[in-house]
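Asks: Whatever this is, show me its structure:
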Amino acid sequence: MPELNTMKVLIISPTESGIGGIAQHVGGLVNFLKKNGNNVDILSSANIFTIQSKGLKNPSFALSAFLKTKFMSKYDIVHAHNLPSALPMKYASGKKILTLHGIYSEQIDILHGKSLGKLSNMYQKKALLWADAITAVSKETHDYYTDLGFKVSLIPNAIDITSLPNKPQRLYDKQVIYAGRISKEKGIMDLLEACKKFPQDVHILILGTGPEEEKVKHIANALKNVHFMGGMSKEHTISLIRGSDVLVQPSLAEGISSTILEAMACKVPVIATRIGGNIELIKHNENGILVEPNSPQQLSDETLSLLENPEKSLILREQAFTRVQKYDWSSVGPLYLNLYESLVNN
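Replies: As a prediction, this is how the structure comes out:
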């Protein structure tokens, strides 16, 4: 059997770059594996044919990746991320790991309706059987799939804290930021409603790309204090987060959010919805603030209250910085290496 530091690993993921949670997790994992001497190949929408349109991106990626893996060489580990990667994982050669970044059927239900949600629920139950090992990045996801009868290991999301850019970028005296996918499941509609309630001297930066961009642009054109900045590099995104007073994250479904972890590491207080992995990261009024999902008024009220209370903001961000240390890749990466070793040596 190969030694731990000479493994040949194939990572399969619909995304590998950008500010999205899966992309950041995959990028961090790849960097960690390479630093530890492993040989890593990546199969993603960046290097295979994928239809870049709503509803077709993930299915087209799954089909293209499936066709390609049938002709690829043997790997020690085939590590797939989220359910669209399960089909190519099934036909790749090597020990198979499927990492779940959220409750897939729930996400599909929010994005595409209950009919497709039911179909995705049937698919996920079959796809999980194709893996030799299953991991989840949040306790909620771990518990959900464990209750379905699967053996799931909890390996949380992580970030590389020391690699985050240190230079803050402040564009306005009162600066609130959202960074993530511009999509329904991220609560973007609630954010837009909250934006209408902010006074003119509170400026909201919205970073990201996604299917609801036109709606965000429409609001941004109508309100002088809402600024849609589109997709940006990781470095620029982190600089804008560091320069902000508050990061808001109104998701309807979420695992362990990379953006929240990064804000905590940048000592920027977070206001997030009381769902999924958010409640694992944030203790209300201790290291952040939790609001109910689908509550734009509460999101607005809590944001304005925090902007007016610098003493509270200081306490939240210092506690958050302490909390985020356990989510660094130096702590999380070895958990994956141990899993890889156990599979290869079994």
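Asks: C-alpha from now on. contacts and neighbour counts both.
Replies: Fine.
Asks: what's stretch 71-81 in contact with?
Replies: 7-14, 22, 26, 86, 89, 92-101, 340, 344 (Cα atoms under 8 Å, 6 or more residues apart in numbering).
Asks: can you map out the helices along the stretch 1-150 of the chain?
Replies: Under the criterion DSSP state H, counting those that start in this stretch, helices of the stretch 1-150 of the chain are mapped to 21-35, 57-69, 86-91, 104-112, 114-127, 139-147.
Asks: can you redo those as a markdown table with distance to Leu281, mean pLDDT and mean neighbour count?
Replies: What follows is the helices of the stretch 1-150 of the chain, written out as a markdown table (distance: least, Cα to Cα, whole Å; pLDDT from 0 to 100; neighbours: other Cα atoms under 10 Å):
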| stretch | distance to Leu281 | mean pLDDT | mean neighbour count |
| --- | --- | --- | --- |
| helix 21-35 | 15 | 91 | 20 |
| helix 57-69 | 28 | 81 | 20 |
| helix 86-91 | 28 | 92 | 24 |
| helix 104-112 | 20 | 61 | 18 |
| helix 114-127 | 26 | 72 | 15 |
| helix 139-147 | 11 | 93 | 19 |
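Asks: Present these as CSV; the columns should include distance to Ala320.
Replies: Compiled in CSV, the helices of the stretch 1-150 of the chain are given as follows (distance: least, Cα to Cα, whole Å):
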stretch, distance to Ala320
helix 21-35, 19
helix 57-69, 34
helix 86-91, 34
helix 104-112, 27
helix 114-127, 34
helix 139-147, 19
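Asks: Can you tell me which of the contacts of stretch 71-81 end up in strands?
Replies: In strands, defined here by DSSP state E, the members of those are 8-12, 95-100.
Asks: hmm, back to that, go through the helices of the stretch 1-150 of the chain and name the closest to Lys197.
Replies: For the helices of the stretch 1-150 of the chain, proximity to Lys197 was assessed by Cα to Cα; helix 104-112 is nearest, at 25.0 Å.
Asks: Pull out the buried residues from stretch 47-60.
Replies: Neighbour-count burial for stretch 47-60, with 16 or more other Cα atoms under 10 Å as criterion, is recorded at 50, 57-58, 60.
Asks: Relative to Thr273, which of the residues you listed is nearest.
Replies: Nearest member of these to Thr273, counting by Cα to Cα, is Asn58, at 26.2 Å.
Asks: who touches the closest residue to Lys151 other than its chain neighbours in this structure?
Replies: Leaving aside its chain neighbours, Lys151 sits nearest to Ile134 (6.8 Å; criterion: Cα to Cα, 6 or more residues apart in numbering). Contact partners of Ile134, counting by Cα under 8 Å, 6+ apart, are 97-100, 128, 151-153.
Asks: Show me what Ile134 bridges to in the sheet.
Replies: Per DSSP bridges, the residues bridged to Ile134 are Leu98, Val152.
Asks: and it, what pLDDT?
Replies: Looking at Ile134, its pLDDT is 97.
Asks: Spell out for me the ChimeraX command that would select the buried members of the ones in strands among the contacts of stretch 71-81.
Replies: With 16+ other Cα under 10 Å as the criterion, this ChimeraX line picks the buried residues out of the ones in strands among the contacts of stretch 71-81:
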select :8,9,10,11,12,95,96,97,98,99,100
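Asks: of all the ones in strands among the contacts of stretch 71-81, which comes closest to Leu247?
Replies: Closest approach between the ones in strands among the contacts of stretch 71-81 and Leu247, by Cα to Cα: Leu100, at 25.0 Å.
Asks: what about the helices in the stretch 201-346 of the chain?
Replies: Assigned by DSSP H, counting those that start in this stretch, the stretch 201-346 of the chain shows helices spanning 213-222, 234-242, 258-265, 278-281, 296-307, 310-324, 329-344.
Asks: To Gly288, which of the ones you listed lies closest?
Replies: Across the helices of the stretch 201-346 of the chain, closest to Gly288 is helix 310-324 (Cα to Cα), at 5.5 Å.
Asks: I'd like to know which elements that closest one is packed against.
Replies: Applying 3 or more Cα pairs under 8 Å, 6 or more residues apart in numbering; DSSP states H and E, one finds that helix 310-324 makes contact with helix 258-265, helix 296-307.
Asks: Mind doing that once more with 7 Å?
Replies: For helix 310-324, the packing partners by 3 or more Cα pairs under 7 Å, 6 or more residues apart in numbering; DSSP states H and E come out as helix 258-265.
Asks: can you give me how far the helix it packs on is from the chain middle?
Replies: Put simply, helix 258-265 sits 10 Å off its chain's centre (Cα atoms, centre = their mean, to the nearest Å).
Asks: try stretch 49-61
Replies: Worked out by Cα atoms, centre = their mean, stretch 49-61 lies 19 Å from the chain centre.
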